[in-house]
Structure formats: structure tokens, C-alpha cells
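Undergrad: A structural model of the following input is requested.
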Amino acid sequence: MPAKETRETDRLAEKIRAYMEKENMAPRGSGILAGVSGGADSVCLLALLVRIREEMDWRIGAVHVNHGLREEAGEDAAFVRALCAAWDVPFFLKEEDVGKKAEEWRLSVEEAGRRVRYQAFSEAAERFGAERIAVAHNRNDRAETLLFHLFRGTGLKGMGSIRPVRGSVIRPLLDTGRDEIEAWLVQNGISWRTDASNETDAYTRNRIRRRVLPYAEEEICAQSGLHLAQAAELLAQTSDFVERQARARLEICLTFRRKDAAGLDVAAFRESEGLLQTQMIRLLLEELSEGGRDIGQRHILDVQALFERQSGRRLTLPGVLGARREFGQVILERRRAPAPETEKADAEMTAAGRAGAEQADAKISGAGRAGTVKADPGLETELFSRVGETGSAVLEIPGLFTLEMRLLDWEKSHGIEQKTYTKWLDYDRMKSLVLRTRRPGDYLAINDSLQKKSLKEYLIQERVPADERDALPLLADGCHIVWVIGHRISSAVRVTESTKRVLRIHIRGGKENGGESTSASDGGRGGCAHPADRGTDQ
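TA: Numbering: from 1, shown residues only. As a prediction, the model looks like this:
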């Protein structure tokens, strides 16, 4: 057990207990796992938790990580193990070659060490059954981190520096200075290990600790470190308040939100306060990247500038993130990995096993029986002849949608369903029918006079985002687009008084005027009809 308490040593234990209660760190009866390196801060943390545990009915455990970077690392582990044995604390040891991990992960040794530590903490906490992981950051660390973030460039959240609580991680010593910690250990006769790497200027944080802060305390104000830590606390509270306001404003500005992307309405965004603008961007980028660790303030400002740029402008952000301006919105997204090049070819689905089976996995039954074609979405798939043979056909694009076609004799009494993903086309006005994506020269007829409009012009007019246009599924008769799936059909194939046969085409997976038509995906847009979908064409 730590040395017998005196009034002076009691004071620090009570201060820590009160701070933990104020910050809601660990309710009575909690399991707490402390990360203990053997240095003064972590030894003090463990000793104080042991001192308080009976009063709070806590279960205390300890985990030590041997990074494999120093010759004396094994001695540090043995020291912590002995300490835990003396204080009746369950001990967990994790040994890892951090230098090797840094190369493997392409990270600095510092960052790789941090990742290894927190992985080890989580694993040990699960084994111990701890709800909380306690780490030994103190008030000096908070001041140093604030300066580090400011020198490197940061936003309001970064100015908040280290937080008392983040998820399951708690920092009971965050309001206690390093001098106070070491004095308490000396008073209690508790020794600690010294890490020689902390005494070099090899790392930026060490230089701030060893040069910058001492200079400020000697030449500017003796309480510089304290004042910086207090400022960090105030900035953290301010950041939390602004974040709550930004989340509320975000609900007004969002045009859509998915796991892999989100859109912000340009007009609503511009009406927001500048500080809320940057916070909304940060929140979305963190959400899309699961933490946003590599996102800096300059990236956020670059995205903010997109709201003043022309449609079509793009940004590449760290990791797999990207941003683009599309008409009245800015879209933040996780970028897709580039698709492999696929040679496009017409695949005639006219007999079992024929027609590009090497690439399209065509499966067709004999005439008169229901047939299903499974086609690669990157291919051009000819359908017209198959419908003519059997009067019906089914085309499945795995992972996207299923297209069902049926040839019918037309009678006016049939009526036409006014649905977005069910269309009736005049069969005899088409010479061929191919499912494909766009290519140069594509057009459609836009009125009863059969006036032509280029597909490119139509998609711009309908505000289809530029990066979606190349993947948009089309039904084409040569360069004549008879149906922009999810949008309109060409006027040239509408059912008229003279129509004799109709081709009824239904997309299983599209949204039929607000309702799901089936469980499949809708034309490659994840089950969501584009805002331009009208559902009023035949």
C-alpha cells in the first residue's frame, strides 16, 4: 500500500476524488484500469486510485506496455509488476516492437507507440472487466498540448487540448501540476522510474516541455503553465457549446446524410455564422472518417471555401475523404477506390451460355420459361431480341437492381401506371434496346415535336451531380436514350393512339413515388430516388 496518509497527502487524494466526481469520471463500484509506465505521473495515479478505492468501492487494475525501444524497458515492466504486487493490484503486461509497427503502419514512432498503448489498454480493460481506462496526463501536459496544437495550426476543438473524459478514457490528474505530483510521491516515500527519452530534444513535445514552457515561466510569468491549462479548459467548454450549436444548425443545412457521404445546402450554410460553418464541416468529416485524426484546420477552411466556388470544383482530403461543389450543395464523402478498367462490349443475351459469358455470367432458360440474365454493371447488355423471343425477360445487375420486361398487346383500356421506376414504351418505335451508361452523342426527345436534347445538357438541367452521371443506368436505342432510369423517358417512345405493342419495364429496387418497389437497390443510387425524379412520364 502507499505510505500512511498525513494531512498533506490526504489533501491531494481528496482533490483527485473531488475532481473525478466533478467530471463524472467513475461512479461508485466501477472497474478502473490504470495505464502505468513506471514514471512519476502514472505511479502517482495508481497510488491515488489505490488510496481512494475502498471509499469508492472501485476495482483497480494496471496495465504496462513494453514498447521494445529501450534497453531498460524490461526493468520498467518489472518495477511496475512489483508495485502492483505490493499494492494488491491485478497486473497486465503487453510487449510490442513499436519500431517495427511504426514501419508497418507508416507512422512516426510516437504515433505508433500511442496506437499500441491504447490498443493494449482496451484489450486489458476487457479482460479485467473495467468500465474506465485511467491515464496520467497532468496539467502541464494540457498546457504543452495547447501550445503544440497552436504552433502546428488548429481549430477551436484542438485549442481545448486534452479533455478530462473522452469515451471510456479518464484523466484524474489533469487538474494537478507535475511539481505537485512529484512532491506528493516524495512525501509518501514512493519511487518512480525515469525515462531517458524524456530528457532529450528529439521530439517536438519534449522541446516544448524542456525549452518553451520553462522560458515562459522564467521570463514572462511564473504561472504561465497554469494559465495555459486554464485557458485550455475554458476553450474546451467553449468548443463544447459551439459544437452543440453546430449540431443543431447542421440539421437545417443538411440536404442528405449517409454513412459514406453528406450534403450541405449552400444557401443555408452561407446564412450560418462563420464559426458554426467550420464546426459543421469538422463534425461531418470526423463522422465520415471515424474520428478525423488527420483532418486539420486548413482542410476545414479549404472545404469552407468550396461554398464560394463554381459547381464542379473538387477537393481531395486526407485518407479517403473528398469534397465537391454540385449545384446548390457541397458534398463531403468517402471516395470510392478506382474501379478496374473494363473493356465495354455489347453482350447479346440470346442463348444459354452465349454472349460474353466470360464477363457477364449470363444465365438464360429456354424459350417460354422465365429467364434471368445476370450481367456485369460495367458491360453494355442487349435486351431487345430476348424480349422478342419470349415476350419477357429479367436482367439482374448484382448489387444494383433487377430490370423486368414484358411485351404486351396494347389496349387503351389498360391505362398507364404513373410511376418513377415502371415505364411503358412503344415497342415498335425501337430498333434495339441496350442497357448501358452514357457515351458521346447521346440524346433524347423532350417533347411531342420530338425536339432533341443532348443527354449531357439534360443531366445538367436536372442537376444530376457530375460524379454520378457516368454511372447512371440508361436504356438506349443506338444514341437515342429511351429511358434515363430514375428520371424521364424519351418522348419518341411514348405510348400514343397508334401504339400496337408496349414494352412494360419495371425496376425492382427503385422508389415508386415515395414507396419502395422491392428490396433491391435503385438503379445504383442506394435505394434513393434523385430529387429530379418526376414519375409523371409514361
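
Undergrad: for residue 391, what are its contacts?
TA: Shown in contact with residue 391 (CB atoms under 8 Å, 6 or more residues apart in numbering): 406-407. Any C-beta I mention is one placed from the backbone N, CA and C, and that applies to glycine too.

Undergrad: ugh, wrong one, residue 313
TA: Contact analysis of residue 313 by CB under 8 Å, 6+ apart lists 306, 324-325.

Undergrad: Repeat that for residue 158.
TA: Contact partners of residue 158, counting by CB under 8 Å, 6+ apart, are 149, 297.

Undergrad: hmm, back to that, so which of the contacts of residue 313 belong to strands?
TA: Mapping those onto strands (DSSP state E) picks out 324-325.

Undergrad: would TSV of the contacts of residue 313 with pLDDT, neighbour count and distance to residue 107 be doable?
TA: Listed next are these as TSV, based on pLDDT from 0 to 100; neighbours: other CB atoms under 10 Å; distance: CB to CB, whole Å:
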residue	pLDDT	neighbour count	distance to residue 107
306	92	21	29
324	89	22	29
325	88	23	33
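
Undergrad: Return the distance of residue 180 relative to residue 12.
TA: Residue 180 sits 7 Å away from residue 12, going by CB to CB, to the nearest Å.

Undergrad: Residue 219 too?
TA: Distance from residue 219 to residue 12, by CB to CB: 30 Å.

Undergrad: who has more neighbours, those two?
TA: More crowded of residue 219 and residue 12, by other CB atoms under 10 Å: residue 12, with 22 against 8.

Undergrad: Would you check that the more buried one makes contact with residue 184?
TA: Yes - using CB atoms under 8 Å, residue 12 makes contact with residue 184 at a distance of 5.0 Å.

Undergrad: Tell me where the longest helix sits in the protein.
TA: helix 224-253 (DSSP state H).

Undergrad: Might one say that residue 171 is in contact with residue 145?
TA: No - using CB under 8 Å, residue 171 makes no contact with residue 145, being 11.4 Å away.

Undergrad: would you list every one of the strands in the stretch 301-450 of the chain?
TA: Remark: strands assigned in the stretch 301-450 of the chain by DSSP state E, counting those that start in this stretch are 314-316, 321-326, 329-334, 346-348, 372-374, 380-382, 392-397, 401-409, 422-426, 434-436, 443-445.

Undergrad: how about these in a markdown table, adding distance to residue 127?
TA: A markdown table is the format used below for those (distance: least, CB to CB, whole Å):
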| stretch | distance to residue 127 |
| --- | --- |
| strand 314-316 | 41 |
| strand 321-326 | 35 |
| strand 329-334 | 33 |
| strand 346-348 | 55 |
| strand 372-374 | 47 |
| strand 380-382 | 54 |
| strand 392-397 | 47 |
| strand 401-409 | 47 |
| strand 422-426 | 57 |
| strand 434-436 | 54 |
| strand 443-445 | 64 |
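
Undergrad: Those strands: lowest mean pLDDT?
TA: Note on these: strand 346-348 shows the lowest mean pLDDT, a mean of 29.

Undergrad: From the recorded domain assignment, give the ranges for this structure.
TA: Following automatic domain parsing, one gets these domains for the chain: 7-229, 258-334, 346-516.

Undergrad: do you know which of those domains lies nearest residue 240?
TA: Nearest of those to residue 240, taken as CB to CB: domain 7-229 at 7.8 Å.

Undergrad: so what secondary structure elements neighbour the longest helix of the chain?
TA: Under the contact definition 3 or more CB pairs under 8 Å, 6 or more residues apart in numbering; DSSP states H and E, helix 224-253 sits against helix 139-152, helix 156-159, helix 213-219, helix 266-270, helix 274-289.

Undergrad: Let me have these in JSON lines, extended by distance to residue 21 and mean pLDDT.
TA: Formatted as JSON lines, the helices and strands packed on helix 224-253 follow (distance: least, CB to CB, whole Å; pLDDT from 0 to 100):
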{"stretch": "helix 139-152", "distance to residue 21": "18", "mean pLDDT": "93"}
{"stretch": "helix 156-159", "distance to residue 21": "25", "mean pLDDT": "89"}
{"stretch": "helix 213-219", "distance to residue 21": "29", "mean pLDDT": "93"}
{"stretch": "helix 266-270", "distance to residue 21": "41", "mean pLDDT": "94"}
{"stretch": "helix 274-289", "distance to residue 21": "29", "mean pLDDT": "93"}
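
Undergrad: Save those helices as TSV, and put in distance to residue 120 too.
TA: Shown next, in TSV, are those (distance: least, CB to CB, whole Å):
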stretch	distance to residue 120
helix 139-152	20
helix 156-159	26
helix 213-219	29
helix 266-270	42
helix 274-289	24
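
Undergrad: Which stretch among the ones you listed approaches residue 79 most closely?
TA: Relative to residue 79, the nearest member of the helices and strands packed on helix 224-253 by CB to CB is helix 139-152, separated by 21.7 Å.

Undergrad: Can you say which of the helices and strands packed on helix 224-253 is nearest to residue 501?
TA: Nearest to residue 501, of all the helices and strands packed on helix 224-253, is helix 266-270, at 46.9 Å by CB to CB.

Undergrad: counting contacts, what elements does the closest one pack onto?
TA: helix 224-253, strand 329-334.

Undergrad: mind running it again at 6 Å?
TA: helix 224-253 (3 or more CB pairs under 6 Å, 6 or more residues apart in numbering; DSSP states H and E).

Undergrad: on that earlier part again, how many degrees apart are the longest helix of the chain and strand 329-334 in direction?
TA: Angle between the axes of helix 224-253 and strand 329-334 is 120 degrees (criterion: axes from the mean of the first three to the mean of the last three CA atoms, to 10 degrees).

Undergrad: Going by neighbour count, list what's buried in helix 224-253.
TA: By neighbour count on 16 or more other CB atoms under 10 Å, the buried set for helix 224-253 is 224-225, 228-229, 231-233, 235-236, 239, 242-243, 246, 249-250, 253.

Undergrad: try stretch 290-301
TA: 292, 295-297, 299-300.

Undergrad: repeat for stretch 24-41
TA: The neighbour-count check on stretch 24-41 (16+ other CB under 10 Å) flags 25-26, 30, 32-41 as buried.

Undergrad: Throw the residues you listed into CSV and include secondary structure, thanks.
TA: Formatted as CSV, those follow (DSSP: H, G, I helix; E, B strand; the rest coil):
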residue, secondary structure
25, coil
26, coil
30, coil
32, strand
33, strand
34, strand
35, strand
36, coil
37, coil
38, coil
39, coil
40, helix
41, helix
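
Undergrad: which one among those residues gets closest to residue 316?
TA: When these are compared for distance to residue 316 (CB to CB), residue 35 wins out at 36.4 Å.

Undergrad: So the closest one versus residue 437, what's the distance?
TA: Counting by CB to CB, the separation of residue 35 from residue 437 is 53 Å.

Undergrad: for residue 103, same thing?
TA: In this view, residue 103 and residue 437 are 42 Å apart by CB to CB.

Undergrad: Among the buried residues of stretch 290-301, name the ones in helices.
TA: Within the buried residues of stretch 290-301, membership in helices is found for 297, 299-300, as judged by DSSP H.

Undergrad: Between these, which sits nearest residue 68?
TA: Looking across those and measuring by CB to CB, the closest to residue 68 is residue 299, at 33.9 Å.
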